[in-house]
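A.B. asks: coordinates for the following, if possible.
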Amino acid sequence: MEFKIKQSVLKEELGFIQGVVERKTTIPVLSNILIESIGDGEIRIVGTDLDVTIRCDAEAEIIKPGSICIQARKLFDIARALDPGDAHFKKEENEWVTMKCGRANFRLAGVSRDQFPEIPQFKSTPMKLPAEVFGYMIRNTAFAITNEQSRFTLSGAKFIIGDGSAKMITTDGHRLAYVERAIDDKDGVMDTLIPKKALLELVKISRGDGEVSFGEDTNHIYFETEGRLLITRKLSGNFPNYEMVMPKDSDHTAVFDLEEMRNAVRRMSLIADERNRSIRLTFRTGEIEVIAQSTEEGDGSEIVQADYTGEEIQLGFNWQYLIEFLNNVGAGEMAVGGESAAAAVDAVAGDSSTAAATATATAREGRTRIAFEFKDANAGTQMSIAGENTYNYKYIVMPLRI
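C.D. replies: Alright, predicted model coming up:
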């Protein structure tokens with residue numbers, strides 16, 4: 001095989017695939033990507049970990065058709081370091097690959113095409129949603145997915161299409177995130193479980209102003225957008241009855257500024273007990289007092305102004321559950337291409353500093369108000385964006401005993 005491709009194109013497409021390629025694996029070939037020619041002016045780049053596969057098509061000048069299988073991370077690192085221009089690849093007889101770009105020359109070890117796993121046969125993707133809808137749904141729910149490997153059915157998101165709406169629901173057993181959006185497609189139907197890793201990679205390959213086409217077969221889900229295809233295995237098992245968790249008789253509501261509460265919770269988390277991560281929110285007329293206490297290190301409190309009238313009520317929370325919601329909900333209907341895609345992945349993967357910076361920038365443009373609805377200290381608290389109507393977004397957290 002021999003071809004030429006622009007360095008900028010190569011770097012971009014390899015960047016999309018890095019997330020699924022295994023760096024440390026018991027199957028060495030999974031640390032490689034497959035590059036093969038398709039037609040006269042395109043190459044296809046494929047990476048997989050056997051559960052999630054990403055396939056990217058890119059323009060290239062095909063000199064001699066064929067395929068190469070080469071170490072993914074090393075090639076990506078080289079591509080990022082190259083000067084702009086054409087990168088020239090040529091496969092040698094012993095599976096080694098020579099690469100030239102400008103005055104730089106490399107000789108890289110490859111493996112046989114026959115060792116690379118066969119990817120699932122691509123099925124049709126008859127349904128469509130704007131990439132920004134997928135981005136919003138993933139950002140506002142993926143952080144609530146469990147990290148416990150043993151809880152297999154909770155390690156992804158329940159995704160439902162039907163009756164003119166799209167829904168995504170996640171839970172780890174202590175909290176639940178639910179988002180719903182009305183859609184134009186009245187005929188499409190899907191009810192499946194999407195793994196967390198596939199959700200994060202879908203955010204990266206999607207563009208904010210584009211569309212994502214998707215479909216399914218018995219074992220896989222297919223997402224296609226702008227020449228890129230993501231294939232993921234479905235999760236098996238029964239997702240919990242999320243409708244039973246939704247509070248239905250909350251008679252107290254407090255509305256407050258997102259940024260003020262986020263900053264207060266962040267500061268109080270620094271003094272909270274490290275074992276149970278508990279903080280207390282005391283609701284009084286006109287204010288919420290955020291309180292943290294550690295028997296070994298001390299205590300702290302901060303007042304947040306709020307629209308609340310009624311009896312004084314104190315609720316206990318795991319501060320991490322609160323801060324993850326407050327960090328992610330502030331970004332609103334974000335674009336999901338380029339740098340904003342990276343911010344989205346940081347947020348749902350738990351990078352609170354990047355997420356908070358993104359949310360703060362959004363807050364400067366227009367202050368976001370958050371509503372807490374609750375019954376008492378023993379029932380779940382429902383959190384949402386006050387006045388939100390484009391997306392029906394709810395986040396339910398079970399309280400800590402205090």
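
A.B. asks: what residues are up against Gly387?
C.D. replies: For Gly387, the contact set (Cβ atoms under 8 Å, 6 or more residues apart in numbering) comprises Arg369. C-beta here means a position set from N, CA and C on the backbone, and glycine is covered the same way.

A.B. asks: helix, strand or coil: sort out it for me.
C.D. replies: Judged by DSSP: H, G, I helix; E, B strand; the rest coil, the three-state class of Gly387 is coil.

A.B. asks: show the pLDDT at it.
C.D. replies: Note on Gly387: pLDDT of 85.

A.B. asks: for the one 3 residues further on, same thing?
C.D. replies: The pLDDT attached to Thr390 in the predicted structure is 84.

A.B. asks: checking my notes, it in a strand, right?
C.D. replies: No: assigned with three-state DSSP, Thr390 falls outside any strand and is coil.

A.B. asks: can you give the domain ranges for this structure?
C.D. replies: Here the domain assignment for the chain is 2-115, 127-243, 246-330+368-397, based on automatic domain parsing.

A.B. asks: closest one to Gln121 among those?
C.D. replies: Closest approach to Gln121 among those (Cβ to Cβ): domain 127-243, 8.6 Å.

A.B. asks: quick one: the strands in the stretch 151-300 of the chain?
C.D. replies: For the stretch 151-300 of the chain, strands defined by DSSP state E, counting those that start in this stretch occupy the ranges 156-162, 165-171, 175-182, 190-195, 211-216, 220-225, 228-233, 252-257, 278-284, 287-294, 298-307.

A.B. asks: quick one: work out the angle between the fourth one and strand 211-216.
C.D. replies: Using axes from the mean of the first three to the mean of the last three Cα atoms, to 10 degrees, the inter-axis angle of strand 190-195 relative to strand 211-216 is 100 degrees.

A.B. asks: check which helices and strands strand 190-195 sits against.
C.D. replies: Packed against strand 190-195, as judged by 3 or more Cβ pairs under 8 Å, 6 or more residues apart in numbering; DSSP states H and E, are the following elements: strand 156-162, strand 211-216, strand 228-233.

A.B. asks: in its sheet, what does the first one sit against?
C.D. replies: When you say that, I think you mean strand 156-162. Taking DSSP bridges as the criterion, strand 156-162 pairs within the sheet with strand 165-171 (antiparallel), strand 190-195 (antiparallel).

A.B. asks: adding mean pLDDT, write the strands of the stretch 151-300 of the chain out as CSV.
C.D. replies: As requested, the strands of the stretch 151-300 of the chain are arranged in CSV below (pLDDT from 0 to 100):
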stretch, mean pLDDT
strand 156-162, 95
strand 165-171, 96
strand 175-182, 95
strand 190-195, 95
strand 211-216, 94
strand 220-225, 95
strand 228-233, 95
strand 252-257, 96
strand 278-284, 96
strand 287-294, 95
strand 298-307, 96
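
A.B. asks: now the ones you listed as TSV including distance to Arg267 and mean neighbour count?
C.D. replies: Formatted as TSV, the strands of the stretch 151-300 of the chain follow (distance: least, Cβ to Cβ, whole Å; neighbours: other Cβ atoms under 10 Å):
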stretch	distance to Arg267	mean neighbour count
strand 156-162	31	21
strand 165-171	27	22
strand 175-182	22	21
strand 190-195	35	18
strand 211-216	39	20
strand 220-225	40	21
strand 228-233	39	22
strand 252-257	15	18
strand 278-284	10	21
strand 287-294	8	19
strand 298-307	6	15
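
A.B. asks: of the ones you listed, which approaches Pro117 most closely?
C.D. replies: strand 228-233 (12.0 Å).

A.B. asks: can you dump the C-alpha atoms of that closest one in PDB for me?
C.D. replies: Extracted in PDB, the C-alpha atoms of strand 228-233 (Å, rounded to 0.1, in the frame of the first residue of the first chain):
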ATOM      1  CA  ARG A 228     -17.400   8.600  10.900                       C
ATOM      2  CA  LEU A 229     -19.000   5.500  12.200                       C
ATOM      3  CA  LEU A 230     -19.200   4.300  15.800                       C
ATOM      4  CA  ILE A 231     -20.300   0.800  16.600                       C
ATOM      5  CA  THR A 232     -20.900  -0.400  20.100                       C
ATOM      6  CA  ARG A 233     -22.000  -3.600  21.700                       C
END
